[in-house]
Structures are given as C-alpha cells and as structure tokens.
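1. my questions are about this predicted structure, shown below with the sequence.
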Protein chains: 2
Amino acid sequence: MPRFPVLGILGGGQLGRMTALAAIRMGVHVRTLAPQHEGPVAGLGETFVGDWTDPRVLAEFARGCDVVTVESEWAPAERCASVLEGSTRLFPTPESLMLVRDKGLQKRTLAGAGLPVPPFACCRTPDEAIDAARSFGFPVVLKRYRGSYDGYGNATARTDADVHAAWTDLADVDGLLVEAWVPFEQELSVLVARRPGGGAVTYPVAYTEQRDHRCHAVVVPAAVAASVADAASKLALQAAEAFGIVGMLGVELFLEPGGRVTVNELAPRPHNTGHYSIEGSHTSQFENHVRAVLDWPLGDPSLRDRCAVMVNVLGHRSGDTRVDAMAEALAIPGVAVHVYGKETVRPRRKMGHVTVTGSDPAEARSRAERAAELLIL
Amino acid sequence: MPRFPVLGILGGGQLGRMTALAAIRMGVHVRTLAPQHEGPVAGLGETFVGDWTDPRVLAEFARGCDVVTVESEWAPAERCASVLEGSTRLFPTPESLMLVRDKGLQKRTLAGAGLPVPPFACCRTPDEAIDAARSFGFPVVLKRYRGSYDGYGNATARTDADVHAAWTDLADVDGLLVEAWVPFEQELSVLVARRPGGGAVTYPVAYTEQRDHRCHAVVVPAAVAASVADAASKLALQAAEAFGIVGMLGVELFLEPGGRVTVNELAPRPHNTGHYSIEGSHTSQFENHVRAVLDWPLGDPSLRDRCAVMVNVLGHRSGDTRVDAMAEALAIPGVAVHVYGKETVRPRRKMGHVTVTGSDPAEARSRAERAAELLIL
C-alpha cells in the first residue's frame, strides 16, 4: 500500500479548507469530520459528516490518521483523544485547548506565565462584576467564558445598570469574565507555528482592523516601532510555550498608549489574521500548521514582498451564495481571490478574502478593498 | 441553488490536480473525468472514472459544467464537444487540439504562420525519409505523428540503416515526421495564457534542462540576451494566436547557435516548465489556465523574486509509493514541495516537484536539486 501521511481535521470551515489545500499540495491525505454538511471542505479529501461527539463516529474518523488536528478550539478534541488508537496523535493537545477555551482560565494562564494582560476578574455574581468594574473604571467588557467570539457573547458596560443587564443576558452558572476596557492605539496580531519538540517560528507583526467586532482588514507588517514589534513577537512566542501549543497559534494583542503591548486573546489554530500568508509569506500559516502537527521542519514565515494586505469578504444578505463579480474583481491588478464555497450567505458571514502584496501598504490596501467590495456576496 | 462556476477537466493527472487546486481556491467547483483510477485528482472535487470515449459518460460528466477543459492534448475533446449541452463551452477547442496533436500538422501550421521551425518533412516511405535526412544532413530525428512525447515514439538516426530501423519500429500508416537534428545551445520554454477574445499574457522565458528526454530542471528567467528573450516571447504569442489557443500554451523552443530561436513543440495546456509559477509568479499557470478558460481577466505572469528554479521528482524504482524523506527535504530552507499523490511509482514517472525562489539561480538550483534527490520515490 502507498504510504502518504494521513491528516484528520476536526471541522469543515474555511480554516479546514485552506489547511487541506496546503496539505494536499505536499501529498498529505486529508480527512475531515464536521457535524453538518461539509461546506467549505466539500470535495477536499475524505469528508466525514456525523455527530462528532459520538465516540464511534470519532473512532472511525481517527482510525488510520497519523495526526488529528482541529480547525476550531471548540472541536471535541478531548473526546477524540479518548478514542485514538495506535500511534495516532492529536495536536493541539486537549490540554492546550482546555486552557484556551475558557476565557477566564486563558487569562489566568497568561497572567500566571508572567504575560501582560489588561486588568480582568472572574466574577461569580453581578455584585462582584460591579466591584471589578469600579476598581478598573468604566467602561468594562463582560464576556462569557465559553463560546464568545467576534462580538458574540460579549457586552460593553458603562454603568452599574449595564452590568446588570449584561449579566442577565450573558452569565453562565460560573458567572462572567470582566475586563478593563483597553483604550488601545492599535490591535495587533502575531502568529506562531510550534512543533511538538518546541521548535517555533513567528510571523511578522500584523495590524488588524476590526469593524463591528469582526476582522475587516489585516496589514503586514504593522506600522509600529521596532521595540513594539519585538515585544509583540516575544509575547506571542511565550504564550505558545505557556500553553504548550503544537500547530498554529494566533495571538491577538493590544498596543496601548505609551507603547505597552498586552495580550488580548489566543486562538490555537490558523487564524483569520494570517490568511495573507498564502501569498504573502514564504510559507503560509496553513502549510506551517500541517508541518508543525506532522512534526516536520517549519518553513520561513517572513514576507515575500514589502507588505501584504488581506481584506475579508463578508456576507451582506441572506440566501444562496452568488459569485457574480469575479471578472470585475480579478480585473484589479495583483489581487488573489479566495472564495470559500459556502452555499448560503448571511450578513457578516465570512465568505472569502482578498490578498494583495506589494511595496506600498496604502496602495495595496486600496486594491484589496475594491476587490472585496466587488465580491460582496 | 448556490451558483459557483463549474469547471470540468478531462484527465486525472498532476496537471489536473494542480489546476483543480487553483480553481478551488477561487471558489470554482471542479469535476474531473479520467479513464482509470482518479490518481492525482483523487479527493479533489467530483471525480468521475469511466470510459471517456463513451458519449454517454462524457455527456453525464459535462452536464452542468460552465466550461470543460483538458489536462492533456490527448483527451477526447472532440467527442466531448459533440455531446455538450446548453451553454457549456470547451477550451482549448477541438480544432486547436487537432492542429497540435498531429506533429506533422503542428509543424506545417507553425511554418504556415511564418514561425521559424527547424527543417522538417512529413514522409510516407523510408525512401522519402532517407531523402529528407540527406537533404537536412544526418543526424535526423524521426517522430510518430501522434502519441510521441518525452522521448517515447522518437528515434535519432545517424545513417540510412538507422532510418530503416526507426521506420520499422515507429512508422504509422501515414509514415513519420523527419526533423533536422538541431545543435541547440539551450532549450527554452515560454508559457502563454490566452482568453477566448484573444487577450493574452506571456510568462518570462524559461531555461529547461532535459535528462534522458524528460524535463529535469527549469530555471526562470533563462540567462539569455534580451533580444533572444524578446524573440522567444513574440514567437510564443504568435503560436498561441496561430493555433487559436484558449487556456495555457507551453511553447518549447530551441536557441540555436548565433542566437536564432526556433519553435520545437507546443503543448496546449499547463506545462511542466511552468510548475515553478505556483510559488514563483504573481499568478500561476494553473490559475491563469482557469481564468482563461472561464474568460476571466488574466493575472500577472511576472516573477515574484529574481529567479525561480523547479526540479522534477521522478521515480527510480517500481512499486508502491513511499514518501519517507519529507522532513529531510523540508529542512532545506525555502523549498516548496509538491507531491502528486500517485499510488505507484515507476522509473522516470513524474511523482512531484520542488520549487525554490530567490536571488541567485545557482544557489536556488542547488537547494532544489538536494530536496528533489532526498524525495526520490
């Protein structure tokens, strides 16, 4: 029998899709498991669709894989780990994922490892939250420990009454995380790829621009002082070590007034702020994720051009997907268009992205923005 | 229903695989048809396996495709064309393919369009071949009109007796093509992408090195005088126009002593000498093939770095494929490894390739050669 490495991916979204494309290029057999229709991974490798909390489904999926990885920190990695047979490994480990998934535990782990984080408190009651808010100063951000992302499960409170309202809306049995609101100058991101033995590479510091709590655009390298870039890179690498990450880690950071860099959140997987790396870097985050989990030498994360800009293509309506304006978008010089193959569109849903590399970030961004607007699905 | 473009590819080899990967990235649905096991396109889009000379198989395959293309000039395009329904188009057209497939007709079409070709004669008898050989001067190359490639179906004759022997071995009912042996200084290649309306882009001139009649290495740009590069590019574009090509055309050229450039052979599809373009060019030959046949604006064919080097990974034994040395190959900085997923290996079979981009062609080549040697399958 021919022997190609077999990589299992828990998840069927665009991160799985782009990871699969990178793996296939290197002759890696890809298998995905998603709870619903396979979506963006349809037609890529072997697609399993089934109840991924069912040990029998997981065991069948994982059988014969060299490595199983996840495209989301919410994938049931710990259930999968408990049914692995033979030499099949799972990266990132369930232990790493547990530390990241719970936002309170994540913050405590970061702080415990000596990483600078904005003031936070894990609160069990509205009164504790109000105490924390008063001690940090309003406004504060309240977050669910689990399942909050891209603005979902979060609320900003400016008054005691806001805290009470947020508590009613969001609080779980173990309460909420309360964070000081950070008057950041910029949001930054650093991607780290890390192998099982601890060898790691760090991507250049990225400037990330959010709109309505979603990543809108990423510009690499971020226009920050060398000392800031240096601090950001070091923090990201320390975070990867503190959480024992294997694979990609996206580290979201705040650049605070005065040049202080603090850690906002971690994502233990390829990250939206690293999509530019497919064209922009010598080795993309997706290829390095595959290389890392298979324990292969990591590739060069440096930029191929002076800069790279990525703009997300988000949905603006609900219905069946239509890609009407490819010709118009591709008529803009130098745009690389990625369409994720999602069959239905919803407002704010991530449908694709556009990358432009070049020498002038403003000019590259203008082209990427125009193409992304044309492609709005 | 969601509406993504549907691209059908007749063929299931590595050219189909790399075309499919480029198409999928842009949200194009890919469907392939191959006569045997799907091989390198296994797990990429919808794979049809069946008798591709059967009109019913072809009709089922083509139904719902926006465009059908080929990964080989030998795919039964004309049979497919005759069963197309609705608005489905087929590029390159069967007419273009017919002109290319028959090596005699190809040479006559080139010469008829005023393109410089080495002396040739379409011979019906051994005596005609010997007359041609004496008029050109020995040695000459005898080629079957159809089905000759990579040294198969060809013979070099140095004497009348060689001509007779080659005739016995190779001649078809319509005889053989006899070509003057060209004492070339270099073999060059130029890739052209051309849209239905005639818009076209031309890739930089590539130096191609054959070993044992197979492409071994490609270095881009070729180290030739600007006048030579200019002549080669113009010839390639003229050839694409003369044959009415839609999609990619690979134009193999001879650089003869004194700086004359002549056309050797055409391949109306993505070409082995353009594999470097995946990492080396702003837009790869595979993406531009997809864009061309879908009549989308073509992407920038220029190099992203000063140079790109591609080395083929050929089989050296017979048996099941093993990919043992990925870690060793990937430890060499800057190598991009492509493994085609073929389940069995044979001596000289194309199993993958390695690309290195950089500023120094000799240094890039040395890294690519080392990686390719490690990967020998």
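-> Here it is on my side, so go on.
2. quick check: phi and psi at residue A:195.
-> In terms of degrees, to the nearest 10, the main-chain angles of residue A:195 are phi -90, psi 170.
3. then the one 3 residues further on?
-> The phi/psi pair for residue A:198 (degrees, to the nearest 10) reads phi 110, psi -10.
4. counting neighbours, what do you get for it?
-> Residue A:198 has 11 neighbours, counted by other C-beta atoms under 10 Å in any protein chain shown. For glycine as for every other residue, the C-beta is placed from the backbone atoms N, C-alpha and C.
5. model confidence score at the spatially closest residue to it that is not a sequence neighbour, please.
-> Take residue A:198 and drop its neighbours on the chain: the residue closest to it by C-beta to C-beta, 6 or more residues apart in numbering or on different chains is residue A:241, 7.2 Å away. pLDDT for residue A:241: 98.
6. what do you get for the one 4 residues further on?
-> You'll see residue A:245 listed with a pLDDT of 98.
7. please name the bridge partners of the closest residue to it other than its chain neighbours.
-> Leaving aside its chain neighbours, residue A:245 sits nearest to residue A:194 (5.0 Å; criterion: C-beta to C-beta, 6+ apart). The partner list for residue A:194 in beta bridges (DSSP bridges) reads residue A:200, residue A:247.
8. could you pull up the residues touching residue A:194?
-> A:200, A:240-241, A:245-247, A:249, A:292 (C-beta atoms under 8 Å, 6 or more residues apart in numbering or on different chains).
9. ok, residue A:32 next?
-> A:8-12, A:16, A:20, A:38, A:41, A:44-48.
10. which residue ranges of the stretch 201-350 of chain A form strands?
-> When assigned using DSSP state E, counting those that start in this stretch, the strands of the stretch 201-350 of chain A occupy the ranges A:206-211, A:214-220, A:247-255, A:261-267, A:307-314, A:319-320, A:336-339, A:344-345, A:350-358.
11. which of those strands sits closest to residue B:253?
-> Of all these, strand A:336-339 sits nearest to residue B:253, with 29.9 Å by C-beta to C-beta.
12. run through the stretch 51-200 of chain A and note the low-pLDDT ranges.
-> Of all residues in the stretch 51-200 of chain A, none has pLDDT under 70.
13. ranges for the helices of it?
-> For the stretch 51-200 of chain A, the helices defined by DSSP state H, counting those that start in this stretch occupy A:55-62, A:77-81, A:94-101, A:103-112, A:126-136, A:160-170.
14. need these in a markdown table with distance to chain B and mean neighbour count, can you?
-> Formatted as a markdown table, these follow (distance: least, C-beta to the nearest C-beta, whole Å; neighbours: other C-beta atoms under 10 Å in any protein chain shown):
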| stretch | distance to chain B | mean neighbour count |
| --- | --- | --- |
| helix A:55-62 | 15 | 18 |
| helix A:77-81 | 21 | 20 |
| helix A:94-101 | 23 | 19 |
| helix A:103-112 | 31 | 19 |
| helix A:126-136 | 44 | 18 |
| helix A:160-170 | 34 | 17 |
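15. let me know the pLDDT of whatever residue of the stretch 151-300 of chain A ends up closest to chain B.
-> Nearest residue of the stretch 151-300 of chain A to chain B: residue A:297, at 4.3 Å (C-beta to the nearest C-beta). pLDDT for residue A:297: 98.
16. before we move on, what SS does the nearest residue to residue A:61 once chain neighbours are set aside have?
-> Distance criterion C-beta to C-beta, 6+ apart; nearest residue to residue A:61, sequence neighbours excluded, is residue A:33 at 4.4 Å. Assigned by DSSP: H, G, I helix; E, B strand; the rest coil, the conformation of residue A:33 is strand.
17. hang on, the earlier thing: how about the residue of the stretch 151-300 of chain A closest to chain B, what does it touch?
-> The contact partners of residue A:297, by C-beta under 8 Å, 6+ apart, come to A:199, A:291, B:327, B:330-331.
18. could you redo the last one with a cut-off of 10 Å?
-> Each residue near residue A:297 by C-beta atoms under 10 Å, 6 or more residues apart in numbering or on different chains is listed here: A:195, A:199, A:201, A:291, B:326-333, B:335.
19. residue closest to the middle of chain A?
-> In chain A, the C-alpha nearest the mean C-alpha coordinate belongs to residue A:271, at 3.0 Å (C-alpha atoms, centre = their mean).
20. which non-adjacent residue is nearest that one?
-> Counting by C-beta to C-beta, 6+ apart, residue A:271 lies nearest to residue A:250, which is 2.7 Å off, once chain neighbours are set aside.
21. wait, that neighbour touches residue A:243, no?
-> No: if you go by C-beta atoms under 10 Å, residue A:250 and residue A:243 don't touch, sitting 11.9 Å apart.
22. give me every residue that touches the closest residue to residue A:55 other than its chain neighbours.
-> Spatial nearest neighbour of residue A:55, chain neighbours left out: residue A:83 (5.0 Å); criterion: C-beta to C-beta, 6+ apart. Residues in contact with residue A:83 (C-beta under 10 Å, 6+ apart) are A:54-63.
23. for chain B, give me its nearest residue in the stretch 251-377 of chain A.
-> residue A:339 (2.5 Å).
24. quick one: contacts of stretch A:85-92?
-> So stretch A:85-92 is contacted by A:6, A:8, A:10, A:59, A:62-70, A:73, A:77-78, A:80-82, A:84, A:97, A:99-100, A:194-196, A:243-249, A:268-269, A:289, A:292-295 (C-beta under 10 Å, 6+ apart).
25. what do residue A:250 and residue A:243 both touch?
-> Taking C-beta under 10 Å, 6+ apart as the criterion, residue A:250 and residue A:243 both touch A:266, A:268.
26. what's around residue A:257, how many residues?
-> 9.
27. quick check: it vs residue A:184, distance?
-> Residue A:257 sits 8 Å away from residue A:184, taking C-beta to C-beta, to the nearest Å as the criterion.
28. next, count neighbours for the residue of the stretch 251-377 of chain A closest to chain B.
-> 25.
29. mind checking pLDDT for it?
-> We have a pLDDT of 97 for residue A:339.
30. just for the stretch 251-377 of chain A, where's the confidence low?
-> For the stretch 251-377 of chain A, no range has pLDDT under 70.
31. which residues of the stretch 151-300 of chain A lie near chain B?
-> A:278-279, A:282-283, A:287, A:291, A:294-300 (C-beta under 10 Å from any C-beta of the partner chain).
32. who wins for most neighbours among those residues?
-> residue A:287 (28 neighbours).
33. contact partners for residue A:146?
-> Taking C-beta under 10 Å, 6+ apart, we find residue A:146 in contact with A:73-74, A:101-105, A:153, A:172, A:174.
34. outline the domain layout of chain A.
-> A:6-90, A:119-180, A:186-374 (automatic domain parsing).
35. straight-line length of the second one, end to end?
-> From the first residue to the last, domain A:119-180 extends over 5 Å; the measure is C-alpha to C-alpha, to the nearest Å.
36. distance from it to the middle of the chain?
-> 23 Å (C-alpha atoms, centre = their mean, to the nearest Å).
37. please apply the same query to the first one.
-> In this view, domain A:6-90 has its centroid 17 Å away from the chain centroid, taken as C-alpha atoms, centre = their mean.
38. what's the answer for stretch A:260-277, then?
-> Computed by C-alpha atoms, centre = their mean, the chain-centroid distance of stretch A:260-277 equals 6 Å.
39. could you export that stretch as CSV, CA atoms only?
-> Output of stretch A:260-277 as CSV, limited to C-alpha atoms (Å, rounded to 0.1, in the frame of the first residue of the first chain):
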residue,chain,number,x,y,z
ARG,A,260,2.8,48.9,26.1
VAL,A,261,1.8,45.6,24.5
THR,A,262,-0.7,43.4,26.2
VAL,A,263,-2.3,40.1,25.2
ASN,A,264,-6.0,40.1,24.3
GLU,A,265,-6.9,36.6,23.2
LEU,A,266,-5.4,33.4,21.8
ALA,A,267,-6.6,31.2,19.0
PRO,A,268,-4.9,27.8,18.9
ARG,A,269,-5.2,27.2,15.1
PRO,A,270,-4.7,29.0,11.8
HIS,A,271,-6.1,32.5,12.3
ASN,A,272,-8.0,35.0,10.1
THR,A,273,-5.2,37.5,10.6
GLY,A,274,-2.8,35.0,8.9
HIS,A,275,-4.7,34.4,5.7
TYR,A,276,-2.4,36.9,3.9
SER,A,277,0.4,34.4,4.4
